[in-house]
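J.: Fold the following.
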Amino acid sequence: MRYFNLNSNNLTGSLPESIRELSSLEELHLRRNSMIGVIRESHFRNPSHLQILRPNGGNHFSMKLNSDWNPPFQLIGMLDISYCNVGPNFPKWIITQTNISELDLSNAGISGSLRHNFGDLLPTGLETIVLSTDQIHGKTPNLSTTRLIHVYLSTDRFAGAEPLFPPTLQVVDLSHNMFSEPLSSICASSFGAHSSLNKLSGKLPSSLGNLVGIFVLRLHENNFSRELPSLENCTDLQMVDLGDNNLSGIEIEFGRNLEGMRSIDMSSNYLVGEISESIASMTELKSLNLSRNHLTGKLPEDFGNMKNLESLDLSRNYFIPASFSRFNIS
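T.: This is a model prediction of the structure:
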């Protein structure tokens, strides 16, 4: 037997060790069941041809494997063992899997810190790594030597400076951590940046406006202050979330070269002045939240022409009431 798929069968109990007798097994799928128990090295003693392993998704396995275990197989593609307890240390056997391109270890019971040269140990073809919702703490390792495209490190306990990233990076999620130093390498590439709910502070670097390929900028609930750098060169930008910071003393200038924007949240800051007329050119905008600022004056003449707008929050500002008559409410 080469292909064994038991997905969605309401299975309970543990994985029988007799699975090791399937010496020709290439794919094992166990997702969307309610299985429990311990997975040990003895389960994989003979399946040297195993390429795809899917034990997660509703199951609650623990993987108790020796730190020096060298699997007899080479997995390919995605290795998803999220919600399997593989901790507390990062499983060293994964480093031997040189053909995987995606690795998901979210909610896998990993704690402690990662070695600084962690990036050098990862498979060279790895493009996506997910270590979210674990208890990993300390500084984030140097990832600049990898070829990672997507990095998800949210809801951990990383602290200190933001990590060094490779030029291949497109998406990074560092939200819900304890980063505290100013942004650095996050402005060295073009990607979707999520770094909300940290303790980042200081002025947003002007190099942020050089991320010509960025499509999501989410730095919600930090302590950024002073001016917002120009984003007019970020022509692929679709979402900006800078809510709950301390941005102040600026006039909003949106719209120029940003016609593809879908969502803007700059609520709970100290923004002043009027909303620029150019915002009406953002015809794809669906959500705009500028509440809890110090904005004044009239709303732009063409504000009511943004036909795709589904959510608008301008509460707790100082707009001239008469300007709201420009909205055609039907």
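J.: how far away is the closest residue to residue 224 other than its chain neighbours from residue 287?
T.: Nearest in space to residue 224, with sequence neighbours left out and distances taken as CB to CB, 6 or more residues apart in numbering, is residue 245 at 4.4 Å. Using the backbone N, CA and C atoms, a C-beta is placed for each residue, glycine as well. Distance, residue 245 to residue 287, by CB to CB, to the nearest Å: 18 Å.
J.: low-confidence ranges in the chain?
T.: Low-confidence segments of the chain (pLDDT under 70): 181-197, 249-256, 322-330.
J.: centroid residue for it?
T.: Centroid check for the chain by CA atoms, centre = their mean gives residue 173 as the closest residue, at 2.8 Å.
J.: Which strand residues bridge that one?
T.: Residues in a beta bridge with residue 173, per DSSP bridges, are residue 152, residue 194.
J.: Tell me which residues touch it, please.
T.: Residue 173 is in contact with 132, 151, 152, 153, 154, 194, counting by CB atoms under 8 Å, 6 or more residues apart in numbering.
J.: Can I get those residues in CSV including distance to residue 112 and neighbour count?
T.: Shown next, in CSV, are the contacts of residue 173 (distance: CB to CB, whole Å; neighbours: other CB atoms under 10 Å):
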residue, distance to residue 112, neighbour count
132, 16, 21
151, 19, 24
152, 19, 19
153, 14, 25
154, 18, 21
194, 24, 22
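J.: can I assume residue 160 is in contact with residue 174?
T.: No - contact status for residue 160 versus residue 174: not in contact, 11.7 Å apart, counting by CB atoms under 8 Å.
J.: More neighbours: those two, which one.
T.: Shown here are residue 160 and residue 174; by other CB atoms under 10 Å, residue 174 has more neighbours (27 against 13).
J.: count of residues packed around residue 125?
T.: Neighbourhood size, residue 125 [other CB under 10 Å]: 13.
J.: Surely residue 201 and residue 180 touch.
T.: Yes - assessed by CB under 8 Å, residue 201 is found in contact with residue 180 at 7.2 Å.
J.: Residues that sit against both of residue 160 and residue 174, list them.
T.: residue 140.
J.: doesn't residue 295 make contact with residue 318?
T.: Yes - with contact defined as CB under 8 Å, residue 318 reaches residue 295; the gap is 6.6 Å.
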